[in-house]
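Colleague: This is a predicted model, with the sequence first.
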Amino acid sequence: MDFEVDDIEQRASAGTLPPWDDVESLVHAAYERNRDVDEGDVADYIPILGEADPALFGVAVVEVDGSVHDAGDVDRLFSIQSISKAFVYALACEELGHQPVLDRIGVNNTGLPFNSVMAIELNDGHPLNPMVNAGAIATTALVPGDDADAQWAFIVAGLSRFAGRALQLDDLVYRSEAATNQRNRAIARLLESYGRLERDPLEAVDVYTKQCALLVNAHDLAVMGATLADGGVNPITGVRVVSAEVCRDTLAVLAANGLYERSGEWLFEIGLPGKSGVAGGIVTVSPGKAGIGTYSPRLDSAGNSVRGQRATAHLSRSLGLNIFASAPHERTQERSQP
């Protein structure tokens, strides 16, 4: 459907965060409140991820002006996993444009697990959104490059610009996942059978597997989220990574799909675009305000960090971030009518 609004200027009204000291204390409060939560389990279906220390926990907030607030294990490196989907999607949109990516990938929630084959079959092979594995593999296949090596270099460079530092591949994680990603290979073959992949499906899966094995920490995720919050400009480096329009599209997709089949519950309770990964990371974006990065390997049954969700919910409320929250404005006088 064409809504025919291209001639109307996109305006943003995001408000402001509380003073720096208040944000600092609230970040530490969210950390302390949840540091001893022991619900959930580490992801042991990928052998190397099952070795993570379940006690690790970090919370980071980076404001769009570059202010930083860290608590806990924010420097501990872990593999980015599915959080990479959001940023590769943004890079693809920057290269190809709004409509071509929308036509190829879609934006609607499947209501099914992230690695569902049924969702592909029920929709004539069309990936419904880029945050499930089928859509993510198809998105990775769209990024520019004459071959898989060139695509991989493009992705590493782009995600590094989001993070504001050079990201490295965790070869152990990559090899562990490559040895157990038969389902993703099957998904790629199925997409190929429907004519949805223009590149070799196994090469696309290999590049996707590598992007998931890039090492980040909670602070990196907060910087990456803040870049999306600040219209595509990294608030630490000052480098423009993607356009404001791409940020808008990416955040809309995250709001609808970032927490898989729990996305509706996440949006209902937290009210912000976010994306989780099975290594225990979550990135959350408050448009015009800040990015939030959390890390804790204990996951719920949908693959989302338990402590990370709780800490983010705390910050959404205490910092006034929920994009659906409102309060009556002060009524001093009636607005004049024309």
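Modeller: The structure has been received and is ready for your questions.
Colleague: Quick check: beta-bridge partners of the residue most central in space within the chain?
Modeller: Closest residue to the average C-alpha location of the chain: residue 275 at 3.5 Å, with CA atoms, centre = their mean. Here residue 275 sits in beta bridges with residue 283, going by DSSP bridges.
Colleague: which residues of the stretch 101-250 of the chain fall in strands?
Modeller: Applying DSSP state E, counting those that start in this stretch to the stretch 101-250 of the chain gives strands spanning 215-216.
Colleague: Other residues contacting the lowest-mean-pLDDT helix or strand in the chain?
Modeller: Least confident helix or strand of the chain, by mean pLDDT, DSSP states H and E, is helix 118-121 with a mean of 70. Residues outside helix 118-121 that contact it (CB atoms under 8 Å, 6 or more residues apart in numbering): 110, 112, 126, 127, 128, 132, 134, 187, 190, 191, 194. For the C-beta atoms, the positions are set from N, CA and C on the backbone; glycine is no exception.
Colleague: wait, residue 275 sits on residue 293?
Modeller: No. In this structure residue 275 lies outside contact range of residue 293 using CB atoms under 8 Å: 10.7 Å.
Colleague: what do those two both touch?
Modeller: Overlap of the contact sets of residue 275 and residue 293 (by CB under 8 Å, 6+ apart) consists of 282, 283.
Colleague: hang on, the earlier thing: could you list which of the contacts of helix 118-121 belong to helices?
Modeller: Judged by DSSP state H, the subset of the contacts of helix 118-121 located in helices is 134, 187, 190, 191.
Colleague: Kindly indicate which of these lies nearest residue 30.
Modeller: residue 134 (33.9 Å; CB to CB).
Colleague: ok, residue 320 to residue 23 distance?
Modeller: Going from residue 320 to residue 23 by CB to CB, to the nearest Å gives 11 Å.
Colleague: Also residue 109?
Modeller: Here the distance between residue 109 and residue 23 works out to 31 Å (CB to CB).
Colleague: swap in residue 232?
Modeller: Here residue 232 is placed at a distance of 23 Å from residue 23 (CB to CB).
Colleague: Next: residue 138.
Modeller: In terms of CB to CB, residue 138 sits 38 Å off from residue 23.
Colleague: ditto for residue 147
Modeller: Taking CB to CB, one finds residue 147 at 45 Å from residue 23.
Colleague: beta partners for the spatially closest residue to residue 68 that is not a sequence neighbour?
Modeller: Of all residues not flanking residue 68 in the chain, residue 62 sits nearest, at 5.5 Å (CB to CB, 6 or more residues apart in numbering). Beta bridges link residue 62 to residue 68, residue 291, judged by DSSP bridges.
Colleague: Pull the number of nearby residues for residue 62.
Modeller: Residue 62 has 29 neighbouring residues, counting by other CB atoms under 10 Å.
Colleague: so who does it touch?
Modeller: 68, 69, 219, 222, 223, 225, 226, 235, 236, 290, 291, 293 are the contacts of residue 62 under CB under 8 Å, 6+ apart.
Colleague: Contacts only, for the third one.
Modeller: Residue 219 sits next to 58, 60, 62, 68, 70, 74, 75, 293 when contact means CB under 8 Å, 6+ apart.
Colleague: any weak-confidence spans in the stretch 51-200 of the chain?
Modeller: Residue ranges of the stretch 51-200 of the chain with pLDDT under 70: 111-113, 115-117, 121-126.
Colleague: can you give me the helices for it?
Modeller: 84-96, 98-105, 118-121, 133-142, 148-163, 171-178, 182-193 (DSSP state H, counting those that start in this stretch).
Colleague: And for residue 244, the neighbour number?
Modeller: 15.
Colleague: Would you mind measuring from it to residue 227?
Modeller: Relative to residue 227, residue 244 is positioned 11 Å away (CB to CB).
Colleague: Please name the nearest non-neighbouring residue to residue 255.
Modeller: Nearest non-adjacent residue to residue 255, counting by CB to CB, 6+ apart: residue 273, 4.4 Å away.
Colleague: tell me the contacts of residue 209?
Modeller: Taking CB under 8 Å, 6+ apart as the test, what residue 209 contacts is 174, 177, 178, 181, 184.
Colleague: Quick check: the third one touching residue 207?
Modeller: In other words, residue 178. No. In this structure, residue 178 is not within contact of residue 207 by CB under 8 Å, at 11.2 Å.
Colleague: For these two, indicate the residue with more neighbours.
Modeller: Between residue 178 and residue 207, residue 207 has the larger neighbour count (other CB under 10 Å), namely 24 against 15.
Colleague: The more buried one is in contact with residue 150, isn't it?
Modeller: No. Residue 207 is beyond contact range of residue 150, at 9.9 Å (criterion: CB under 8 Å).
Colleague: and residue 147 and residue 23? which has more neighbours close in?
Modeller: Neighbours per residue (other CB under 10 Å) separate residue 147 from residue 23, with residue 23 holding more: 21 against 11.
Colleague: Now do the contacts for the more buried one.
Modeller: 17, 61, 63, 67, 69, 319.
Colleague: ok, residue 323 - contacts?
Modeller: Contacts for residue 323 (CB under 8 Å, 6+ apart) come out as 271, 272, 286, 287.
Colleague: Out of those residues, the closest to residue 300 would be?
Modeller: residue 272 (17.9 Å).
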